[in-house]
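In: quick one, fold the following:
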Amino acid sequence: MRATAKPRPPAWYVISLRPVGQHDAVRRAAARMGMGCIAISTMRIAIRDDADTRARLRDALAAPVAIFTSPNAVRAAAATVSLRRRRGQRTLAIGAGTAAALRRHGVDDVLVPDRADSDALLAMDALRDVDGTRIGLVTAPGGRDRIAPGLRARGAEVVRADVYAREPRAPTARDFDALRRTRGRWAIALSSGEALATLMAHLPADLAPAIHRARVLAGSERLADEARALGFGEVRVAAGARPGELVAARDDRPRRHIR
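Out: Next comes the predicted model:
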């Protein structure tokens, strides 16, 4: 009886730096592209549910304009209060993934920019003339720190609710052993500069040359610049920050320029 041939290992592996428990979408996107996935969480999501945060969130959600900056912001807010769109309120999401999270919690008719980044959000028509407008910003410390100053510079009153925090998590020895065992090329799905910086801060010296040869698949120009500042030379800007968009940027066919 002929022995069954072992499946050939993937030529490429996606390194997912998503928070603890949030790698599944990257795994599925990688599998559709015939790629393996190495999950290394360098942060965890901690929901803030203290009295001050709840009060800030209620004020933010009562504003005529409400902005959500990530799916985690939606999930954290929904864990604290019941989400719903107020009559006449405009709801904006940083990207399609955040808008989808809002729809799952009953908030539809969400405005989304062409690209999932702060500059694209601030360029939306809904935020051009906001002098004197009260705007709720449902977010977390770090990551989207250009939105509130940009709105205030236009005369808006920003009510910021930091509903969760990203807590750094050092990768484990098992995480690094998984990298050492792979024989294919690596592509890093990058949706958080903090996640990549934490990985590099804890990276063993023997893995540094190989990790710097990885192809970075960045969800925005800002993230691409952060990767270059950390020494990465092969950086591609994806069409967006959703897992499928990030993984698709690994394709060797031309998509967007590599600076």
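
In: quick one, domains of this structure?
Out: Annotated domains of the chain cover 12-42+170-248, 46-166 [automatic domain parsing].

In: what would those look like in a markdown table with mean pLDDT?
Out: A markdown table is the format used below for those (pLDDT from 0 to 100):
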| stretch | mean pLDDT |
| --- | --- |
| domain 12-42+170-248 | 94 |
| domain 46-166 | 92 |
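
In: using a markdown table, please lay out the ones you listed together with mean neighbour count.
Out: For glycine as for every other residue, the C-beta is placed from the backbone atoms N, C-alpha and C. Formatted as a markdown table, the domains of the chain follow (neighbours: other CB atoms under 10 Å):
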| stretch | mean neighbour count |
| --- | --- |
| domain 12-42+170-248 | 18 |
| domain 46-166 | 18 |
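
In: contacting residues around residue 247?
Out: Listed by CB atoms under 8 Å, 6 or more residues apart in numbering, the contact set of residue 247 reads 14, 26, 29-30, 32-33, 35, 187, 189, 217.

In: repeat that with 7 Å
Out: 14, 29-30, 33, 35, 189, 217 (CB atoms under 7 Å, 6 or more residues apart in numbering).

In: so what touches stretch 155-169?
Out: 20, 41-48, 53, 56-57, 59-60, 63, 72-73, 76-77, 80, 130-142, 148, 151-152, 194, 198.

In: returning to what we had before: what's the closest of the contacts of residue 247 to residue 175?
Out: Closest approach to residue 175 among these (CB to CB): residue 14, at 14.2 Å.

In: go ahead and confirm the closest one touches residue 187.
Out: Yes: if you go by CB atoms under 7 Å, residue 14 and residue 187 touch, sitting 5.3 Å apart.

In: now the stretch of helix or strand residue 209 belongs to, how far from the centre of its chain.
Out: In this structure, residue 209 sits in helix 208-212 according to DSSP states H and E. The chain centroid and the centroid of helix 208-212 are separated by 23 Å, computed with CA atoms, centre = their mean, to the nearest Å.

In: which SSE is immediately downstream of that helix?
Out: That would be, after helix 208-212 and using DSSP H and E, strand 215-218.

In: now the closest residue to residue 164 other than its chain neighbours: which helix or strand?
Out: Using CB to CB, 6 or more residues apart in numbering and skipping the chain neighbours, the partner closest in space to residue 164 is residue 76 (3.9 Å). Secondary-structure assignment from DSSP H and E places residue 76 in helix 71-80.

In: what packs against that helix?
Out: Judged by 3 or more CB pairs under 7 Å, 6 or more residues apart in numbering; DSSP states H and E, helix 71-80 is in contact with strand 43-47, helix 51-61, helix 96-104, strand 134-139, strand 164-168.

In: sheet partners, orientation included, of the helix or strand just after the longest one?
Out: Where DSSP H and E defines the elements, the next helix or strand beyond helix 51-61 is strand 65-68. Strand partners for strand 65-68, identified by DSSP bridges, are recorded as strand 90-93 (parallel), strand 134-139 (parallel).

In: reformat these as JSON lines; add distance to residue 251.
Out: Below are the strands paired with strand 65-68 laid out as JSON lines (distance: least, CB to CB, whole Å):
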{"stretch": "strand 90-93", "distance to residue 251": "27"}
{"stretch": "strand 134-139", "distance to residue 251": "32"}
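
In: to residue 246, which of those strands lies closest?
Out: With CB to CB as the criterion, residue 246 lies closest to strand 90-93 of these, at 17.8 Å.

In: look up how far residue 38 lies from the nearest residue to residue 231 once chain neighbours are set aside.
Out: Of all residues not flanking residue 231 in the chain, residue 212 sits nearest, at 5.4 Å (CB to CB, 6+ apart). Residue 212 sits 16 Å away from residue 38, going by CB to CB, to the nearest Å.

In: repeat for residue 154
Out: Residue 154 sits 43 Å away from residue 38, going by CB to CB.

In: try residue 175
Out: 8 Å.
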